[in-house]
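Provide a 3D model corresponding to the input given below.
(2 chains)
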Amino acid sequence: NAGVTQTPKFQVLKTGQSMTLQCAQDMNHEYMSWYRQDPGMGLRLIHYSVGAGITDQGEVPNGYNVSRSTTEDFPLRLLSAAPSQTSVYFCASSSNLGIGQPQHFGDGTRLSIL
Amino acid sequence: GQQLNQSPQSMFIQEGEDVSMNCTSSSIFNTWLWYKQDPGEGPVLLIALYKAGELTSNGRLTAQFGITRKDSFLNISASIPSDVGIYFCAGLNNAGNNRKLIWGLGTSLAVNP
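Okay, here's the model as predicted:
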C-alpha cells in the first residue's frame, strides 16, 4: 500500500513561474488537505477537501488553487510563484476527519522559489 | 490562525531519561492527536485520543486526554536515540461540522546517546 504519494520531492522555481504539486492516495479517503511547513510556524492549512468536487480554504490559501476531480487526487497549483512560497508542502488524507480519524501524511515536496 | 500552546519548544536529554510534553488550548476539543516527524519525512501518527480522561499507550509512549478537554500530555519513557524528532499535537472540535485540525508548533527532541 503506497498511502499518500507526493510528487515531485524537490523543485526549484523562478519567481512568476507556475507549477502543480501532485498528491495521490490509494486508501479511498474522502478527506484530503494541503499544509505548508515553515521553521517555527508548525503546519499551516492551505486548502482542504471533504470529497470529490468539494474544496475549501484553510488558514493560508492566497496564491494557491486546488481541485478535487477524483477521490484519489488532490493537486495544489501555484499560479505565479513568489519567494514567500518557499516552503515544505505536505499533503494528508483521512477517512473521516469529522469524527477525528487521523490524517496520513505524504513525505513532502521541498519547494524553493528564487 | 488559532494554534495550540505546545511546550516545551525543545528538549535535549540523555538516553534513558523520561520525557514529558504537553499542549493546552483555550477551546475544548473532542479529539487529540500526537504525531512525530523525522527529518525529511512527513508526520506519522503516534497516538489518537477521543475521550476526556483517556490514557493510551503505544510502546514506551503514553498520552492522556485532559479531563477539561483543553489539554493533552505525551510522555516517553526510557528515551532512545531514535526518539529524536519533532513531536506535534493536534486537536479537533467537530462541532458545527468543523473539518480543520488545530496544530501545535511542535516540540523538538534531541537525545544524547
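
figure out the helix or strand that the residue positioned nearest the centre of chain A lives in.
Closest to where the C-alpha atoms of chain A average out (Cα atoms, centre = their mean) is A:W34, at 2.8 Å. In the assignment (DSSP states H and E), A:W34 maps to strand A:31-38.

quick check: B:L109 touching B:F88?
No: judged on Cβ atoms under 8 Å, B:L109 makes no contact with B:F88 at a distance of 11.5 Å. For glycine as for every other residue, the C-beta is placed from the backbone atoms N, C-alpha and C.

more neighbours: those two, which one.
The neighbour comparison of B:L109 against B:F88 (other Cβ atoms under 10 Å in any protein chain shown) goes to B:F88, with 25 against 20.

who's that one bridged to?
B:F88 has these beta-bridge partners by DSSP bridges: B:Y35.

spit out the contact partners of it.
Counting by Cβ atoms under 8 Å, 6 or more residues apart in numbering or on different chains, B:F88 makes contact with A:42-43, B:6, B:34-37, B:43, B:103-104, B:106-107.

within range of chain B, give me the residues from chain A.
For chain A, the contact set with chain B under Cβ under 8 Å from any Cβ of the partner chain comprises A:4, A:31, A:40-45, A:48, A:50, A:56, A:58-60, A:90, A:92, A:97-100, A:102-108.

so what's A:I54 closest to, chain neighbours aside?
The shortest distance from A:I54 to any non-neighbouring residue, by Cβ to Cβ, 6 or more residues apart in numbering or on different chains, is to A:R68 (6.5 Å).

specify the local secondary structure of residue 110.
Because you didn't say which chain, this covers chain A. strand (DSSP: H, G, I helix; E, B strand; the rest coil).

chain B was what I was after
strand.

skipping its backbone neighbours, what lies nearest it in space?
For B:A110, the closest residue by Cβ to Cβ, 6+ apart turns out to be B:F12, at 4.5 Å.

now do B:N94
A:G98 (5.1 Å).

surely the one you found is in a helix?
Yes: under three-state DSSP, A:G98 sits within a helix.

next one: the top strand by length along chain A to chain centre, how far?
Scanning chain A for the longest strand, with DSSP state E as the assignment, gives strand A:42-51. How far strand A:42-51 lies from its chain's middle: 7 Å, per Cα atoms, centre = their mean, to the nearest Å.
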